[in-house]
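Enquirer: sequence isn't available, so here's the structure alone:
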């Protein structure tokens with residue numbers, strides 16, 4: 001490879017040499033075999049090249065009212081199946097309540113309500129994505145969880161101009177498949193969401 005481009009002439013020459021060696025019945029001697037195997041082992045043992053920072057984003061995909069959303073995994077502490085919750089009186093409608101996660105009390109919000117999306121209610125299959133940063137932590141209710149995706153940054157498109165209001169405000173971008181990537185940092189910093197912590 002020269003200047004980041006493949007040297008096709010060198011590749012053709014190498015292929016011709018290999019073909020000629022095969023046709024002549026070439027069989028490597030024990031020392032050549034050892035050398036070849038050592039070179040292959042060294043190549044295989046080499047750590048894969050690290051992707052340059054910012055080239056790929058890793059996200060946890062989840063569904064809300066049949067729409068596909070995602071948050072960056074760096075903000076996800078864990079995923080928890082909701083079994084029971086304690087409602088909090090006097091809080092905004094999007095605050096579901098409190099859950100006990102192995103002795104730790106975590107507040108849970110329904111961002112479907114926060115975004116003004118259709119409310120299907122809580123079922124036994126609902127899960128909670130616990131997101132956090134250095135100062136704030138809360139759970140986000142999700143309908144289902146398809147899994148973790150690694151998305152090239154250059155494939156993420158800006159939010160559609162047809163999206164207005166609260167969704168656009170918290171969108172980092174949209175994948176070609178239509179998954180909306182939420183800006184978890186903005187969610188965690190939003191005063192309207194964390195207001196109930198002061199109640």
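Expert: On my side now, so go ahead. The structure presented is a predicted model; accordingly, all values stated were derived computationally and were not measured.

Enquirer: shaky segments in the chain?
Expert: For the chain, residues meeting the criterion pLDDT under 70 lie at 1-8, 18, 21-28, 40, 43-54, 118-125, 160-167, 194-199.

Enquirer: measure the spatially most central residue of it to residue 141 for me?
Expert: With distances taken as Cα atoms, centre = their mean, residue 59 lies nearest the centre of the chain, 1.2 Å away. Counting by Cβ to Cβ, to the nearest Å, the gap from residue 59 to residue 141 is 18 Å. Heads up, the C-betas are built off the backbone N, CA and C, glycines and all.

Enquirer: what's the answer for residue 31, then?
Expert: Distance of residue 31 to residue 141, given as Cβ to Cβ: 65 Å.

Enquirer: of these two, give the one with the bigger neighbour count.
Expert: Neighbour comparison, residue 31 and residue 141: the larger count goes to residue 141, with 21 against 8 (by other Cβ atoms under 10 Å).

Enquirer: secondary structure element for that one?
Expert: Per DSSP states H and E, residue 141 falls inside strand 137-142.

Enquirer: chain center to that strand: distance?
Expert: Centroid displacement of strand 137-142 relative to its chain, using Cα atoms, centre = their mean, to the nearest Å, is 16 Å.

Enquirer: so which elements touch it?
Expert: Secondary-structure packing of strand 137-142 (3 or more Cβ pairs under 8 Å, 6 or more residues apart in numbering; DSSP states H and E): strand 56-64, strand 104-109, helix 111-114, strand 127-132.

Enquirer: that's all I had, so thanks and see you.
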